[in-house]
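[1] fold the following.
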Amino acid sequence: MRRRRGMSARLKLTLSYAGIVVVSGGLLLAAVAAYLLRYVPDVQIPVTEFFVPNRSDLIRAFLPVAVVVMIVLLVFGLAGGWLLAGRMLAPLDRISRAAQLAAQGSLSHRVALEGPRDEFRDLADVFDSMLDRLEAHVAEQQRFAANASHELRTPLAISQTLLEVARTDPERDIDALIARLREVNTRAIDLTEALLLLSRADRRAFTREILDLSLLSEEAVEQLLPLADRRGITIDVGGDPAMVRGSSALLQQLATNLVHNALVHNLSFGGHVAIRTHALPHAVALVVENTGEPITAHRVATLVEPFQRGAERTRSEDHVGVGLGLAIAQRITEAHDGTLVLTPRAEGGLIVTVWLPHPFPTAG
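    Numbers count the residues shown, from 1 in each chain. Below you'll find the model as predicted:
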């Protein structure tokens, strides 16, 4: 049911200003009448050389003037209130126009309210900041959707090509075809699961519990130890017990992704990976450091973007990546109110540090 539109804020403010002016004027005139006229007797004063009015004479002379003054105050209050309300509400009109444009899908418009800082300026700045984040988020989602569509299309196109070739080739190798289709299908499943994991982390739709990040790191290392052995990479894991509050599945995935990324972005043989956990009064840290080829600062800044693959990534059965490892790690970190920091090593390789809030922060 559509509600009937009431008075505008400008009209309400105008009536309020006018009401205050009229009431203030009325009280002032009443005070004059109360405190001055009471000293004038309401009796007939003997006629003298000069006319001396009594109280009734003064009231008869005062009332018409008071009525005129009240009318003038009312007109002045309405006119001045209308102008003053319009001036005061002008910033809200600009914010309202920006909100309407945003509702229509235009996120590039900004209020950009000038002048001294006041409540309206603070509101406009907060609104502009919200539009900045919203525009960046929408652009990221659009880029992510485009990349995801492209990545999902690739295995489907490969499967279609394999089937077309097999259909027209009478001497096709069925076993090889099945193995290839299974590999392509596995990649598509891995990508779909990664996308679902990203979505789950973004929604923060998970149950939180107290966990030890050091134990999760050890489980990740144990799971990926065969891959490290095949690539001749040594793993050194240790550190302090690091208690955090979060999702067991997501934080386990976080540790696994970081260790897996450190293994596949390493030297071709004989590399090293170090995993450490640290507990501070207000935060805990998971640090994963690996050897590898030198990485520029510009390249590091792009590694957490979805579908960004390292230049030296190994293409083998040990690693069928979808370009979402560090992107998932960052989303999981952010979903747990943490921060992920990437730092290139001077000798080559990468240092990944995950900061998470301590579930029981201590003073000091």
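[2] okay, helices next: where are they in the stretch 251-364 of the chain?
    297-302, 325-335 (DSSP state H, counting those that start in this stretch).
[3] out of the ones you listed, which is the most enclosed?
    helix 325-335 (a mean of 23; mean count of other Cβ atoms under 10 Å). In short, each C-beta sits where N, CA and C put it, glycine included.
[4] quick one on the thing from earlier: including mean pLDDT, could the helices of the stretch 251-364 of the chain go into CSV?
    Formatted as CSV, the helices of the stretch 251-364 of the chain follow (pLDDT from 0 to 100):
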stretch, mean pLDDT
helix 297-302, 83
helix 325-335, 85
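[5] closest to residue 227 out of these?
    Checking the helices of the stretch 251-364 of the chain against residue 227 by Cβ to Cβ gives helix 325-335 as the closest, at 13.4 Å.
[6] mind giving me the packing neighbours of that closest one?
    helix 174-203, helix 248-264, strand 339-344, strand 350-357 (3 or more Cβ pairs under 8 Å, 6 or more residues apart in numbering; DSSP states H and E).
[7] quick one, which of the helices of the stretch 251-364 of the chain is nearest to residue 183?
    helix 325-335 (19.0 Å).
[8] what's the offset of the closest one from the middle of its chain?
    15 Å (Cα atoms, centre = their mean, to the nearest Å).
[9] likewise for stretch 346-364?
    For stretch 346-364, the distance to the chain centre is 22 Å (Cα atoms, centre = their mean).
[10] one more: stretch 20-32?
    52 Å.
[11] residue contacts, the nearest residue to residue 337 once chain neighbours are set aside?
    Excluding its sequence neighbours, the residue lying closest to residue 337 (Cβ to Cβ, 6 or more residues apart in numbering) is residue 357, at 5.6 Å. By Cβ atoms under 8 Å, 6 or more residues apart in numbering, residue 357 lies in contact with 244-245, 282-284, 336-338.
[12] any of those residues buried? List them.
    244-245, 283-284, 336, 338 (16 or more other Cβ atoms under 10 Å).
[13] okay, the helices of the stretch 251-364 of the chain in a markdown table with distance to residue 32 next?
    Output for those, formatted as a markdown table (distance: least, Cβ to Cβ, whole Å):
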| stretch | distance to residue 32 |
| --- | --- |
| helix 297-302 | 75 |
| helix 325-335 | 68 |
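[14] indicate which one of the ones you listed is closest to residue 265.
    helix 325-335 (9.2 Å).
[15] bridged to the residue nearest to residue 337, which residues?
    Note on residue 357: beta-bridge partners by DSSP bridges are residue 283.
[16] going forward, the N-terminal residue is numbered 57.
    With 57 as the first residue, the last one maps to residue 413.
[17] for it, report the pLDDT, please.
    We have a pLDDT of 93 for residue 413.
[18] check residue 113 too.
    pLDDT, read off for residue 113, is 74.
[19] what about it, which helix or strand?
    Assigned by DSSP states H and E, residue 113 belongs to helix 111-159.
[20] now for the following helix or strand past that helix, which elements pack on it?
    Later in the chain than helix 111-159, the nearest helix or strand by DSSP H and E is helix 175-224. Helices and strands touching helix 175-224, by 3+ Cβ pairs under 8 Å, 6+ apart, are helix 111-159, helix 230-259.
[21] tilt between helix 175-224 and helix 230-259?
    Using axes from the mean of the first three to the mean of the last three Cα atoms, to 10 degrees, the inter-axis angle of helix 175-224 relative to helix 230-259 is 170 degrees.
[22] below-threshold pLDDT in the stretch 157-306 of the chain: ranges please.
    199-200, 202-204, 206-207, 210, 250, 253-259, 261 (pLDDT under 70).
[23] is it true that residue 383 touches residue 358?
    No. Contact criterion Cβ atoms under 8 Å: residue 383 and residue 358 do not qualify, at 10.6 Å.
[24] on that earlier part again, figure out which of the helices of the stretch 307-420 of the chain is closest to residue 270.
    Nearest of the helices of the stretch 307-420 of the chain (Cβ to Cβ): helix 381-391, 16.6 Å.
[25] tilt between the closest one and helix 304-320?
    Using the same axes, to 10 degrees: helix 381-391 against helix 304-320 is 150 degrees.
[26] how many other residues sit next to residue 83?
    Residue 83: 10 surrounding residues under other Cβ atoms under 10 Å.
[27] wait, I meant residue 217
    Using other Cβ under 10 Å as the criterion, the residues surrounding residue 217 number 11.
[28] which outside residues touch stretch 137-147?
    Here stretch 137-147 makes contact (Cβ under 8 Å, 6+ apart) with 65-67, 69-74, 77, 167, 169, 176-177, 179-180.
[29] perfect, I'm done here.
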